[in-house]
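Visitor: My questions are about this predicted structure, shown below with the sequence.
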Amino acid sequence: MENLMESSTSNPLIALVSGANQGVGFQIAKALAEKGYIVYVGSRNLGNGEKAAAEIGKTAHAIELDVTRQSTINEAVELIKKESGRLDLLVNNAAIAHAGKPGRTLEETTEDGRATTASIEEVRTVWETNVFGVIALTQAALPLLRKSPAARIVNVSSGLGSLTWVADPACWAREHFGVVYAASKTALNAVTMAFAIELEKENIKVNAVSPGFTATALNNFQGTDSVEVGSREPIRVALETDGPTAAFTGPDGPLPW
């Protein structure tokens, strides 16, 4: 099937990727730019975003964006409105795994995420970025997305958020399911479905995608896949203009919600 929309130099598609200064977000932004998109590289630290945008190329523009601060969300959306007038693709990639000291091992963050002992403050902090930040940015970006003839929203989730998968006693990641990070991705999946159901009548597609167990700063680089490998499925979904809505996929195909 031919794509409904193709980016061209005369009428390039416009994308915003949150948390795009490193890891999977950077790879997504880079792939979009290579396909002719104008890409806004969202970064909490503008300097880091500017370095990333310079590495990506001339169609990448750094934009200060902290999804836990409504003021930066509003300013980012206003800037995109002023410069580009619309948004064709929003990639909600920004996420944190924990709110403790940097460099904690995956084992330590798993232990700190246990439902019976997790710090409520840490739960709140992680969910502020991974769940509430996604809702806030998506709501703010909707007026610009509605100006696109075929807008899409991609939420970068995790297979760990699949309740069906972790409920299976044979699931290898079952022991890693806690209330801090993993449950935030389950909540993100629910948020994805809620937006998808509501926006379907407006032809705005909303999907969730898992990079798989990718070595990034999120897990202290203890993942088994390289960031290039882990970015393949998120890039595919981000570039897919004629795909489904309300889908949840990973490196090996569809994932159960």
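Guide: Thanks, I have the structure now. Remember, predicted model here, so these are calculated numbers, not experimental data.
Visitor: what helix or strand is E83 on?
Guide: Take DSSP states H and E as the rule and E83 turns out to sit in helix 70-84.
Visitor: For that helix, give the mean pLDDT please.
Guide: Averaged across helix 70-84, pLDDT comes to 98.
Visitor: what's F132 in contact with, if anything?
Guide: Listed by C-beta atoms under 8 Å, 6 or more residues apart in numbering, the contact set of F132 reads T68. C-betas here are computed from N, CA, C, even on glycine.
Visitor: Quick check on it: phi, psi?
Guide: phi -70, psi -40 (degrees, to the nearest 10).
Visitor: Which per-residue confidence value corresponds to it?
Guide: Note on F132: pLDDT of 98.
Visitor: Now the next helix or strand after the helix holding E83 - C-alpha only, CSV.
Guide: As assigned by DSSP H and E, the chain's next helix or strand after helix 70-84 is strand 89-92. What follows is strand 89-92, C-alpha atoms only, in CSV (Å, rounded to 0.1, in the frame of the first residue of the first chain):
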residue,chain,number,x,y,z
LEU,A,89,3.8,13.4,14.1
LEU,A,90,4.3,13.4,17.8
VAL,A,91,6.6,10.9,19.4
ASN,A,92,6.3,10.7,23.1
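Visitor: Centre of the chain to stretch 165-175, how far?
Guide: Averaging C-alpha positions (C-alpha atoms, centre = their mean, to the nearest Å) puts stretch 165-175 24 Å from its chain's average.
Visitor: Just the terminal-to-terminal distance for that stretch.
Guide: End-to-end distance for stretch 165-175: 12 Å, by C-alpha to C-alpha, to the nearest Å.
Visitor: ranges for the strands of the protein?
Guide: Using DSSP state E, the strands of the chain run over 14-17, 38-43, 60-64, 89-92, 152-156, 205-209, 248-250, 253-254.
Visitor: want to throw those strands into JSON lines with mean neighbour count, distance to T164 and mean pLDDT?
Guide: Shown next, in JSON lines, are the strands of the chain (neighbours: other C-beta atoms under 10 Å; distance: least, C-beta to C-beta, whole Å; pLDDT from 0 to 100):
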{"stretch": "strand 14-17", "mean neighbour count": "30", "distance to T164": "28", "mean pLDDT": "98"}
{"stretch": "strand 38-43", "mean neighbour count": "28", "distance to T164": "31", "mean pLDDT": "98"}
{"stretch": "strand 60-64", "mean neighbour count": "22", "distance to T164": "36", "mean pLDDT": "98"}
{"stretch": "strand 89-92", "mean neighbour count": "29", "distance to T164": "22", "mean pLDDT": "98"}
{"stretch": "strand 152-156", "mean neighbour count": "26", "distance to T164": "18", "mean pLDDT": "98"}
{"stretch": "strand 205-209", "mean neighbour count": "25", "distance to T164": "14", "mean pLDDT": "98"}
{"stretch": "strand 248-250", "mean neighbour count": "20", "distance to T164": "10", "mean pLDDT": "96"}
{"stretch": "strand 253-254", "mean neighbour count": "8", "distance to T164": "11", "mean pLDDT": "95"}
